[in-house]
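Asker: Sequence and predicted model, in that order:
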Amino acid sequence: MKSRKVLATLSRRERQIMDVIYRKGSASAGDVLASIADPPSYSTVRAILGVLENKGHVKHVAQGTRYVYLPTVSRDRAGRPALASVLETFFDGSTEKAVSALIDLSRSELSDDDFARLSKLIDQARSEGR
């Protein structure tokens, strides 16, 4: 699936810009510049926004004399291919290893309610045959 491969291969700057757009809901090049640490030049941000539009990640609407960029897919949907790439790269494609690592990292922050919800999600996935 082409969109999966494209979504998983964003550059660091492209990911930074997408993060700004997802956080704000929409953003102009100026908004992006004001929102990222150590930003590139304005023209570079505009060029990257054009690349993101060509890849299908954003679309623009004209607001007066400026373009405002909006994501074309939800953050959740866009994050799945990236997560799949991390799973493959760092956990040998093993969901169990990844979940175990996440629990180890967050153990002190997870409440009994959090563990109960996770257990319920596992039971639900098992009953649905996933």
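Answerer: That came through fine.

Asker: how's the chain carved up into domains?
Answerer: Domain segmentation of the chain under automatic domain parsing yields 2-71, 75-127.

Asker: and those domains, which is most packed in?
Answerer: Ranked by mean neighbour count under mean count of other C-beta atoms under 10 Å, the domains of the chain are led by domain 2-71, which reaches a mean of 15. C-beta here means a position set from N, CA and C on the backbone, and glycine is covered the same way.

Asker: Quick one: distance of it to the chain centre.
Answerer: Chain-centre distance of domain 2-71: 12 Å, with C-alpha atoms, centre = their mean, to the nearest Å.

Asker: do the same with stretch 121-130
Answerer: 25 Å.

Asker: Keeping just the C-alphas, turn that stretch into PDB.
Answerer: The C-alpha trace of stretch 121-130 is given here as PDB (Å, rounded to 0.1, in the frame of the first residue of the first chain):
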ATOM      1  CA  LEU A 121      -8.200  -4.400  25.200                       C
ATOM      2  CA  ILE A 122      -6.200  -7.600  25.100                       C
ATOM      3  CA  ASP A 123      -9.300  -9.700  25.900                       C
ATOM      4  CA  GLN A 124     -11.300  -7.900  23.300                       C
ATOM      5  CA  ALA A 125      -8.700  -8.400  20.600                       C
ATOM      6  CA  ARG A 126      -8.400 -12.100  21.500                       C
ATOM      7  CA  SER A 127     -12.200 -12.500  21.200                       C
ATOM      8  CA  GLU A 128     -12.300 -10.800  17.800                       C
ATOM      9  CA  GLY A 129      -9.600 -13.200  16.600                       C
ATOM     10  CA  ARG A 130      -6.900 -10.500  16.200                       C
END
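
Asker: tell me the mean pLDDT over that stretch?
Answerer: Average pLDDT, stretch 121-130: 87.

Asker: do the same with stretch 104-115
Answerer: Here the average pLDDT along stretch 104-115 is 89.

Asker: going forward can the numbers begin at 33, since that is how I track them
Answerer: Fine by me, first position is 33 from now on; the one you just mentioned is stretch 136-147.

Asker: now it, how far from the centre of its chain.
Answerer: That offset, for stretch 136-147, works out to 23 Å (C-alpha atoms, centre = their mean).
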